[in-house]
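[1] just coords:
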């Protein structure tokens, strides 16, 4: 366990500590994320079977040497399906989350720095966006743009943006009211400078936490959008959809439903462990 | 086949029903039976033995009392108590709980008189005279009269009603009351199947002038105590029901649980006693659990892969034949349906139908033949989209198995999943290759007429075949059973070899019930006894 | 009440009306863009062109879109949200039978989740880096990573099918006793909590830790205040803004996003009504649901902003 420097600072005179050292938990997180990212890249090439091939006469088959994670509801290899699904769950969700944070975060900070009518307009716009039924938005998107991976990324991003905006704005507003920001403003610094140099560094911890959570929601959102027809097309499937299509095996504890769920959980925990234990000013554990 | 023996026993009881029994033995459809009944004047006396065998089929006398909760597959604000507007099993089940039809269809696939006491055709089945029972009352106490029947049947023609069977109703040119309990119907062409059509859920009888369907005022076995669309309905026993002894239960609460695992869990936890629409992959869970039973209805329902013959690539018959040979029917039956299905042969008449032609050779899964036809079609190596949707059952799974087979012979299918929402109005039939879910039809004639005739509204593959059309019309007026069997056989062959509809299997309907719920029998028009379970089920406690 | 707060409230209410107007236009345009209409969905597989045309005329769907919109708006302004196109029942009646259910489920869940999440968040911020913090984070993250439908189905299989402690369905009519109430709501509330607690807890933890870095907290530390006291009296009040926003976002999810729970537990709430209405293209009903959802969201967002302003004196001008 790493003893947190802030706590140490509060409890006792500061002990000399090596700076910028990533704690063990962070290394574990990075390792998990690294493995999954690697799988996302090479998954389809190392998958033992074709993602759509029926390789087992039995459905929801148990693990065996040939099928290390058993078979799914049609008799397909679960391991191969998870390996191939990795790039959809990780790639699409990560891209969409970055996009959402880029849009929501930037506009949130802009609103916080600008205040006044820009703030009002942006805030109310995102309030309106969040109030439009998401099923309707998704169906409208499918009808207007069809179903493809870029459209899927865009849709997930748009659904995640208003929430990101609200959190980033709330964090930035607090910082923007602090004295050093006022001083900078009085110095005549531009909005871009204020956001980049004064606001962003001071809200880094919580917004990274927000990123971690939003990423999880994006991974889970994929399966509901796929179910609507917007998203990954069969025989490929993202992890959430793998859980959904095998849900009937849950009562018997079929690996086909358990394993994709574990994949999502490990990815989530990995990402958030990493975020919690980043070194330097990005740390959300108090070090700065 | 316990039921069939009992059917025969009962039929033996009436000497003048012997002819019927023979007819059944020979595999006559209820249409043949009707023509015999017609010949005999179809009096209530002649019809009653058929009407009573259903009750005597029990080994055990039904008990009265108790409450049952039933969960079906659909639940939405579009739920309705207005028979013409019914669109799914939930609606049909409510309709049969609160209303009756002039006729009904029983487990022997035979027509049985219900509100009608006598149905007599004249002028070669163009004019039909219906005599109603006189002992029937609506739930509000008013007696059933011819005005109610005229009103109920005429409504279907009004576009504002939005009837699902407007096409079938269109043939009734004139519907008039000829007495307080007599109705005469004039058709635009002869149709001996009219009594079958009256047994259809949409044609159930409502009160004359009824426009408010927030509660049901029918003649059915239960009265409507509560109805909230998208939530539930509560039905309480109609103590003045015209069928003696029926119904058995005090109350039926009916609602839909669209999520299949949730529905199955609700049965297993004892929260509900009867559910429909069990997916084959849950069947094992139910059959192995204590105190609940699986109930399979073999019927002619099929989930067809359709190739439009007027669009590329389906316009090339070789391509169609290649696809038909690429369907691994055994694999589909095993993997997708867990063997709760019967292998299909790309034609819509299933083995439960008396006119099923068993001599028609089964089309095998044969990739060599498929490759041969594919080469001849010139489409080898190309990619074609298949449109699938959760709205068309199992379409996604069947398409994926076909995709796998395609890879082996150098044909690529790209699966395009579209929303269930709006599938039937926006996607269905608008692409070269897509899926349909087809419900069983009570007669071979209807199965062909509604889905395969050149000008049929649901001729999904846009198939045009003059010989088929003329055979269909000939068969309709042919009274010699062996000749008709021959004609229907020829039609099955024509569809199998030329049409763009691929039917890999006929799927069973799977329902589940608490073991102490009794009285369910399979009626091959739909699951849950053809959605007509309400008056027959009872609790053994 | 101080003047800036009054000003804030007044401008927010004005803005809310504009937002609602904007949402209603967006929803209307959305239902227009969606392929298919009420007539087609009502007829389903039997939608022949002439049958659709007939039904369309009967439902006045053949009128130009803007006329239908303004007719609906005009009625709404007189307090009548119209009738459902699908079943001809008054929209007000449909809503009033579902809204209380949604509110009950949302309140019970909020009562359970918010305190748990805040306590977990603040305590793990205090003991950040310790084993307690690690375990709390690990557990909440593992739970939030599981798809909601899987949690719900798993809970039903364990507690309803096998143990038989709770019913598998949570239909709310005719609850007579507290015990019954508890049994009906246990599983849905537990499912929703799994989804909600993580977000609120994580944001609380992050926001509290973040404020611990600020100079005035360091000042308090240097003055020798105890860590618990530092967090509770110095850091927490300054973190209320972001926390309130995270809570508001999560709570707004409870009204419109409880769809999975409503479906699996067969609970007749607003979310399913909205999804039904979208599926059947039932414009007046979609509008009414969207308006309610929007109002609730704006109200929660306003509360969050008021909380931010009150908690941070610097924002009061």
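    Structure received. These numbers come from a predicted model, not from an experiment.
[2] ok, how many other residues are close to residue B:426?
    Counted with other CB atoms under 10 Å in any protein chain shown, the neighbours of residue B:426 add up to 16. The C-beta positions use only the backbone N, C-alpha and C, and glycine is treated the same way.
[3] mind checking the SS state of it?
    Under DSSP: H, G, I helix; E, B strand; the rest coil, residue B:426 falls in the helix class.
[4] ok, and the closest non-adjacent residue to it?
    residue C:35 (4.1 Å; CB to CB, 6 or more residues apart in numbering or on different chains).
[5] residue C:142 too?
    Using CB to CB, 6+ apart, the closest residue to residue C:142 is residue A:265 (5.1 Å).
[6] now residue A:108
    Nearest non-adjacent residue to residue A:108, counting by CB to CB, 6+ apart: residue A:168, 3.1 Å away.
[7] hmm, that neighbour is touching residue A:210, no?
    Yes. Using CB atoms under 8 Å, residue A:168 makes contact with residue A:210 at a distance of 7.3 Å.
[8] mind checking how far the residue nearest to residue B:426 is from residue B:457?
    According to CB to CB, to the nearest Å, residue C:35 and residue B:457 sit 20 Å apart.
[9] same deal with residue C:44?
    13 Å.
[10] do residue B:399 as well
    Applying CB to CB to residue B:399 and residue B:457 gives a distance of 25 Å.
[11] so between these two, which is more surrounded?
    Neighbours were counted for residue B:399 and for residue B:457 using other CB under 10 Å; residue B:399 has more, 25 against 17.
[12] helix, strand or coil for that one?
    At residue B:399, secondary structure determined by three-state DSSP is helix.
[13] what pLDDT does it get?
    You'll see residue B:399 listed with a pLDDT of 96.
[14] likewise for residue C:111?
    93.
[15] pretty sure it sits in a helix.
    Yes. With three-state DSSP as the criterion, residue C:111 is part of a helix.
[16] count of neighbours near it?
    Burial of residue C:111, expressed as a neighbour count using other CB under 10 Å, amounts to 11.
[17] that one and chain B, how far apart?
    25 Å (CB to the nearest CB, to the nearest Å).
[18] related to what we said a few turns ago, please name the residues that touch the residue nearest to residue C:142.
    By CB atoms under 8 Å, 6 or more residues apart in numbering or on different chains, residue A:265 lies in contact with C:141, C:142, C:145, C:146.
[19] apart from its chain neighbours, what residue comes closest to the residue nearest in space to the middle of chain A?
    By CA atoms, centre = their mean, the mean C-alpha position of chain A lies nearest to residue A:215, the distance being 1.2 Å. Distance criterion CB to CB, 6+ apart; nearest residue to residue A:215, sequence neighbours excluded, is residue A:97 at 4.6 Å.
[20] report the secondary structure state of the one you found.
    Assignment for residue A:97 (three-state DSSP): helix.
[21] that one reaches residue A:221, doesn't it?
    No. The pair residue A:97 / residue A:221 is not scored as a contact, 10.2 Å apart, by CB under 8 Å.
[22] any shared contact partners between these two?
    Here residue A:97 and residue A:221 share the contacting residues A:156, A:160, scored by CB under 8 Å, 6+ apart.
[23] now name the helix or strand holding residue C:55.
    Assigned by DSSP states H and E, residue C:55 belongs to helix C:49-58.
[24] then residue B:414?
    Going by DSSP H and E, residue B:414 is in strand B:412-417.
[25] so what are the sheet partners of that strand and their directions?
    According to DSSP bridges, strand B:412-417 forms sheet pairs with strand B:383-388 (parallel).
[26] now the partner strand, how far from the centre of its chain.
    Taking the mean of its C-alpha atoms, strand B:383-388 sits 29 Å from the chain's own mean (CA atoms, centre = their mean, to the nearest Å).
[27] so what touches that strand?
    A:234, B:305, B:313, B:395-396, B:399, B:402-403, B:411-418, B:427, B:431-435.
[28] sorry, back to before: can you list residues touching both of residue A:168 and residue A:210?
    residue A:101.
[29] where does the single nearest residue of the stretch 51-200 of chain A relative to chain B fall, phi/psi-wise?
    As assessed by CB to the nearest CB, chain B sits closest to residue A:74 within the stretch 51-200 of chain A, at 4.9 Å. When read as degrees, to the nearest 10, the backbone of residue A:74 gives phi -110, psi -10.
[30] show me what contacts it?
    Residue A:74 touches A:54, A:59, B:335, B:336, B:397, B:400, B:401, counting by CB under 8 Å, 6+ apart.
[31] closest to residue C:90 among those?
    Checking these against residue C:90 with CB to CB, the nearest one is residue B:397 at 42.2 Å.
[32] any residue of the next helix or strand after the strand holding residue B:414 touching chain A?
    Using DSSP H and E, the helix or strand that follows strand B:412-417 in sequence is strand B:433-438. No. Using CB under 8 Å from any CB of the partner chain, strand B:433-438 stays clear of chain A, with a minimum separation of 12.8 Å.
[33] looking only at pLDDT, what's the mean for strand B:433-438?
    Mean pLDDT, strand B:433-438: 94.
[34] other SSEs contacting it?
    Counting contacts by 3 or more CB pairs under 8 Å, 6 or more residues apart in numbering or on different chains; DSSP states H and E, strand B:433-438 is packed against strand B:292-307, strand B:383-388, helix B:395-408.
[35] what about 7 Å?
    Using 3 or more CB pairs under 7 Å, 6 or more residues apart in numbering or on different chains; DSSP states H and E, the elements in contact with strand B:433-438 are strand B:292-307, strand B:383-388.
[36] chain B contacts on the stretch 51-200 of chain C?
    Residues of the stretch 51-200 of chain C found near chain B (CB under 7 Å from any CB of the partner chain) are C:51, C:54-55, C:58, C:84, C:86-87, C:94, C:97, C:153, C:156-157, C:160-161, C:164, C:167-169.
[37] so who does the residue of chain B found nearest chain C touch?
    Residue nearest to chain C within chain B: residue B:159 (2.1 Å; CB to the nearest CB). With contact taken as CB atoms under 7 Å, 6 or more residues apart in numbering or on different chains, residue B:159 is in contact with C:51, C:54, C:55, C:58.
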